[in-house]
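Novice: Curious how this folds, go ahead:
(2 chains)
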Amino acid sequence: MSTQSTDPPLVRIGLFLRNNPMIPLLIFLFLLIAMLEFMRPGIVMPIRAGRDGLISTFWVGNLIKFAIPLAMLAACQVLTMLTAGIDLSVGVVATVAAFVCATLSSVWGVAPAVLVALSTGVVVGLVNGFGVGVVRVHPLIMTLGTGLIATGCLQVYQRQVINAGTEIPGFLEWLGIGRTLGMPNGLFLFIPFAIFILWLMRYTGFGRLLFALGSNERAAKLSGVRAWQVYIALYVLSGLIAALTGLVYLGMIRQTSLSLANPLLLPSVAAAVIGGTSIFGGRGSYAGAVIGALILRVLDTMLTLMQMPEGARTALFGIIILSVTALYARIIGTR
Amino acid sequence: MNALVRKHGWTLGLALLLLCLVVITRLIQPSFGTSGFENLARAALPFAFATVGMAVVVIVGGIDLSVASMMAVTAVLAAVLMERMAGVPALILVLAAGLAMGLINGTLVVLTRVPDIVVTLAMLFVWEGTALLILSSPGGATADWLEASIRGSFLVEVLPKALLIIAVAISVVWMPIRRSKLGLSIYATGSDELAAFRSGVAVGRTKIVAYGLCGLFCAMGGLSLAALTGIGEPVPGPYLLASVAAVVLGGVALGGGKGGLLGPLIAVFILRIIRTILTLMAVDPNVTTIVEGTIMVVVVMLGTWATTRGSKR
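Specialist: Residues are numbered from 1 along each chain as shown, chains lettered A, B, ... in the order given. I've put the predicted structure just below:
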């Protein structure tokens, strides 16, 4: 779709926005930040409150720090949504990985604990991949079911180790809480991670296969794609990412809990959708999902600042997610 | 006879499974009589309504992730209203509220053209917030006659009132619709939306009505929740996953257009009876969760495998 010089300017702007879907998202993000600054002058730009600094590195650092686990889980959703699937077990997998790592660190040492934690993600991913790829169960049901099974296993495991101590590995704390030059150390993990995901989606055959399976599964299979292999690899990767997120989140929250990362599940889906990933498959963008995660975090801060009753905050959260996705659908023009 | 069996094969299989499980329960606990069955039916009532609502939406080709939240809203609404006004008007108000919530869900799905998963995901938060706004912590009170209406048996010893209530609800709401043009539209829209549209079916309106029906059933579920506990709790319960699992177990295809309401209903009782059996066997409650999840996954796997085997593609 190219613009003619005789097109009215609004049409050309519309086409420009449609061809560069990141731009409306970034505009919306900055709008939200501006609103936040308006609501509480000085939170973003301390200079407006009479303090030093044009942009508050503390606030930006905080925003990024809490957006990192959300963005990592959103990667799982983006990858699975590309194939018209979804992964609703990531919250539980992250929680399990965090819990296992914390409880095993004091018993077996840090490295084995981390390995075991990551392998739980792989195991859940294998089961998911088998169900979705081989038996062809709908991913929504499959991942819901494995999430439930994993929750049960976690509860049983917790009973077993209820007497053992917990220890949060030092490097996880450094990743979660530490700051370098004002920016959270988690970025040391997240930036390579994001580059990996972007590279995976755009420049590898595997990424191409994901798009292909989501666009037209039958055509892909007829072209020789062994779908079940792709699905198993996909959900194993998703489980691995979720486990890694659990470890990162553990370092941030520094508390073991049986529902540590569960509140991150639905927002991760929201972030992926806001970022332009189609739930029907075939279309998606991780960069958009990262911006979506940032948008959600700013929204969260805004809503907390408004000091509204918890109910109003939750309801507003839902309304905003809905409006953003509806607006996005209108601007982009497709489903 | 053959055609009848083939058409309702899945449901018949489920009924048989339920029967076997009841027998197993009697074997494990010979004293499990009508009171035990009555307890089971009563506890299963909210799950049953959630499942029935979800089934209607799945048949029309969509999904509604906000069923648990809608039930929470109607439960607290019932608790708050019944404290202040007479029972029957409160009941009607709650049912109307549920219907309204469902219609809002449906309208948003149709108007915004955003996928139903995303819309109902967002509405899940909205309704959850609404429930918290109505009642910020568990409280309120329900009319005594409401609690009494689902307790005990009706006429005969073996017929729990709870079972009767759900049977009546389905017959009054769903049966007439199913036989009507609206029911045909619902199945048509679920089966192939484009073909239905081109055949003149008012697809948008049909979907909105289907979501409205879901909201209505969720309102009944919320009422049964309030009747069970006697108060209103603004926190959504575990009804989403259970209802989806029961719907799939009940033979309703997730793509829509196939299945009825009886299958999911029997599936709900099967799932609840499995839980009862595990409790009777004194299994650790956490292990019960694992077993439930595994059963749901395995059954769904088998069901999907069976259907894909049937239609060789």
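
Novice: Which residues are in contact with the residue nearest to residue A:62 when sequence neighbours are not counted?
Specialist: Distances taken as Cβ to Cβ, 6 or more residues apart in numbering or on different chains place residue A:184 nearest to residue A:62, at 8.0 Å, with adjacent residues excluded. The way it works is simple: take the backbone N, C-alpha and C, and place the C-beta from them, glycine included. Counting by Cβ atoms under 8 Å, 6 or more residues apart in numbering or on different chains, residue A:184 touches A:61, A:62, A:64, A:65, A:68, A:176, A:177, A:178.

Novice: now do residue B:277
Specialist: B:21, B:24, B:25, B:28.

Novice: Show me which residues of the helix or strand containing it are buried.
Specialist: Here residue B:277 sits within helix B:262-280, counting by DSSP states H and E. The neighbour-count check on helix B:262-280 (16 or more other Cβ atoms under 10 Å in any protein chain shown) flags B:262-278 as buried.

Novice: Alpha carbons of that helix, in PDB - could you do that?
Specialist: Only the C-alpha atoms of helix B:262-280 are listed here, as PDB (Å, rounded to 0.1, in the frame of the first residue of the first chain):
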ATOM      1  CA  LEU B 262     -26.400 -32.300  28.800                       C
ATOM      2  CA  GLY B 263     -22.900 -33.600  28.200                       C
ATOM      3  CA  PRO B 264     -21.100 -30.800  30.100                       C
ATOM      4  CA  LEU B 265     -23.500 -31.200  32.900                       C
ATOM      5  CA  ILE B 266     -22.800 -34.900  33.300                       C
ATOM      6  CA  ALA B 267     -19.100 -34.000  33.000                       C
ATOM      7  CA  VAL B 268     -19.400 -31.600  35.900                       C
ATOM      8  CA  PHE B 269     -20.800 -34.300  38.100                       C
ATOM      9  CA  ILE B 270     -18.100 -36.700  37.000                       C
ATOM     10  CA  LEU B 271     -15.400 -34.300  38.000                       C
ATOM     11  CA  ARG B 272     -17.000 -33.600  41.300                       C
ATOM     12  CA  ILE B 273     -17.600 -37.300  42.100                       C
ATOM     13  CA  ILE B 274     -13.900 -38.000  41.300                       C
ATOM     14  CA  ARG B 275     -13.000 -35.400  43.900                       C
ATOM     15  CA  THR B 276     -15.400 -37.000  46.400                       C
ATOM     16  CA  ILE B 277     -13.900 -40.400  45.700                       C
ATOM     17  CA  LEU B 278     -10.400 -39.100  46.300                       C
ATOM     18  CA  THR B 279     -11.500 -37.400  49.500                       C
ATOM     19  CA  LEU B 280     -13.100 -40.600  50.700                       C
END
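
Novice: hang on, the earlier thing: can I get the contacts of residue A:184 in JSON lines with secondary structure, pLDDT and neighbour count?
Specialist: Shown next, in JSON lines, are the contacts of residue A:184 (DSSP: H, G, I helix; E, B strand; the rest coil; pLDDT from 0 to 100; neighbours: other Cβ atoms under 10 Å in any protein chain shown):
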{"residue": "A:61", "secondary structure": "helix", "pLDDT": "84", "neighbour count": "18"}
{"residue": "A:62", "secondary structure": "helix", "pLDDT": "85", "neighbour count": "15"}
{"residue": "A:64", "secondary structure": "helix", "pLDDT": "89", "neighbour count": "18"}
{"residue": "A:65", "secondary structure": "helix", "pLDDT": "88", "neighbour count": "21"}
{"residue": "A:68", "secondary structure": "helix", "pLDDT": "93", "neighbour count": "27"}
{"residue": "A:176", "secondary structure": "helix", "pLDDT": "77", "neighbour count": "23"}
{"residue": "A:177", "secondary structure": "helix", "pLDDT": "79", "neighbour count": "15"}
{"residue": "A:178", "secondary structure": "coil", "pLDDT": "78", "neighbour count": "14"}
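
Novice: Same list (these) but as JSON lines, adding distance to residue A:32.
Specialist: Output for the contacts of residue A:184, formatted as JSON lines (distance: Cβ to Cβ, whole Å):
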{"residue": "A:61", "distance to residue A:32": "18"}
{"residue": "A:62", "distance to residue A:32": "15"}
{"residue": "A:64", "distance to residue A:32": "15"}
{"residue": "A:65", "distance to residue A:32": "18"}
{"residue": "A:68", "distance to residue A:32": "18"}
{"residue": "A:176", "distance to residue A:32": "25"}
{"residue": "A:177", "distance to residue A:32": "26"}
{"residue": "A:178", "distance to residue A:32": "27"}
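
Novice: rewinding a little: run through the bridge partners of the residue nearest to residue A:62.
Specialist: residue A:179 (DSSP bridges).

Novice: Sort out which one of the contacts of residue A:184 lies nearest residue A:88 for me.
Specialist: Of all those, residue A:68 has the smallest distance to residue A:88: 20.7 Å, by Cβ to Cβ.

Novice: Pull the distance from the helix holding residue B:277 to the chain's centre.
Specialist: Per Cα atoms, centre = their mean, to the nearest Å, the displacement of helix B:262-280 from the mean C-alpha position of its chain is 13 Å.

Novice: same deal with stretch A:152-161?
Specialist: Mean C-alpha position of stretch A:152-161 versus that of the full chain (Cα atoms, centre = their mean) differs by 26 Å.

Novice: Residue A:325 is in contact with residue B:118, correct?
Specialist: Yes - if you go by Cβ atoms under 8 Å, residue B:118 and residue A:325 touch, sitting 5.4 Å apart.

Novice: can you list residues touching both of these two?
Specialist: With Cβ under 8 Å, 6+ apart, residue B:118 and residue A:325 have common neighbours residue A:273.

Novice: Buried among the contacts of residue B:277? Make that a ChimeraX selection.
Specialist: Of the contacts of residue B:277, the buried ones can be selected in ChimeraX as follows, counting by 16+ other Cβ under 10 Å:
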select /B:21,25
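
Novice: now the contacts of residue B:277 in CSV, with distance to residue B:185 and secondary structure?
Specialist: CSV is the format used below for those (distance: Cβ to Cβ, whole Å; DSSP: H, G, I helix; E, B strand; the rest coil):
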residue, distance to residue B:185, secondary structure
B:21, 36, helix
B:24, 41, helix
B:25, 41, helix
B:28, 46, helix
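
Novice: Which secondary structure element is home to residue A:145?
Specialist: helix A:139-160.

Novice: Could you check that helix and say which residues are buried?
Specialist: So helix A:139-160, judged by 16+ other Cβ under 10 Å, has buried residues A:139-155, A:157.

Novice: what about that helix, distance to the chain center?
Specialist: 20 Å.

Novice: Who are the packing partners of it?
Specialist: Helices and strands touching helix A:139-160, by 3 or more Cβ pairs under 8 Å, 6 or more residues apart in numbering or on different chains; DSSP states H and E, are helix A:90-108, helix A:110-129, helix B:239-249, helix B:285-310.

Novice: quick one: it to helix B:285-310, angle?
Specialist: Put simply, helix A:139-160 runs at 160 degrees to helix B:285-310, going by axes from the mean of the first three to the mean of the last three Cα atoms, to 10 degrees.

Novice: Nice, that's everything, thank you.
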